[in-house]
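*Asks:* All I have is the shape, not the residue letters:
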């Protein structure tokens, strides 16, 4: 073959270009697999002023355009409307967003404090309370039956 590369040469050059997963991983620390698990009890971040506006806008838009099934069209129309609004028109949405943000910060502080105090203690105490209450109810029922037997 004139000017062509042989198969052996092609394999060698491909081997140099390709990254070997086994060799690369052997020399380095093992990578973390996936994202860390999110805590379902952690408070969710509040919506921005725009998203507070969009909650209301979606309702009015769907009333005016009941046949529209496109989410993108609603978002696009909402974005255009938001851009055209003055600061005075945006003020109520900004106020609602600020209120939600302050509530979120309070909830987050409470959540972080609960984590710092130790989350496992409360679950155990709730279980022990219910078990104690169950035992007390059983004792009361048993003592009432004993009283009836004594009367006879």
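*Replies:* Received it, and whenever you're ready, just let me know what you need. All values reported here derive from a predicted model rather than from experimental measurement.
*Asks:* switch to C-alpha atoms for all contacts and neighbour counts from now on
*Replies:* Noted.
*Asks:* where along the chain do the helices fall?
*Replies:* If you assign secondary structure with DSSP state H, the helices in the chain sit at 7-17, 21-27, 49-64, 71-84, 87-117, 120-151.
*Asks:* Give the rounded mean pLDDT of the fourth one.
*Replies:* On average, the pLDDT along helix 71-84 is 95.
*Asks:* now the last one
*Replies:* Taken as a whole, helix 120-151 carries a mean pLDDT of 50.
*Asks:* can you start the count at 309 instead of 1 from here on
*Replies:* Let's use 309 as the start, then, which means that last one is helix 428-459.
*Asks:* pLDDT score for residue 425?
*Replies:* Reading off the confidence values, residue 425 has pLDDT 86.
*Asks:* scratch that, residue 346
*Replies:* Per-residue confidence at residue 346 stands at 85 (pLDDT).
*Asks:* Tell me the pLDDT of residue 409.
*Replies:* Listed pLDDT for residue 409 reads 97.
*Asks:* er, residue 341 actually
*Replies:* What the model reports as pLDDT for residue 341 is 76.
*Asks:* tally of neighbours for it?
*Replies:* Burial measure for residue 341: 6 neighbouring residues, criterion other CA atoms under 10 Å.
*Asks:* can you check residue 405 too?
*Replies:* Applying the criterion other CA under 10 Å, we find 20 residues in the vicinity of residue 405.
*Asks:* Wait, residue 390 touches residue 358, no?
*Replies:* Yes. With contact defined as CA atoms under 8 Å, residue 390 reaches residue 358; the gap is 7.3 Å.
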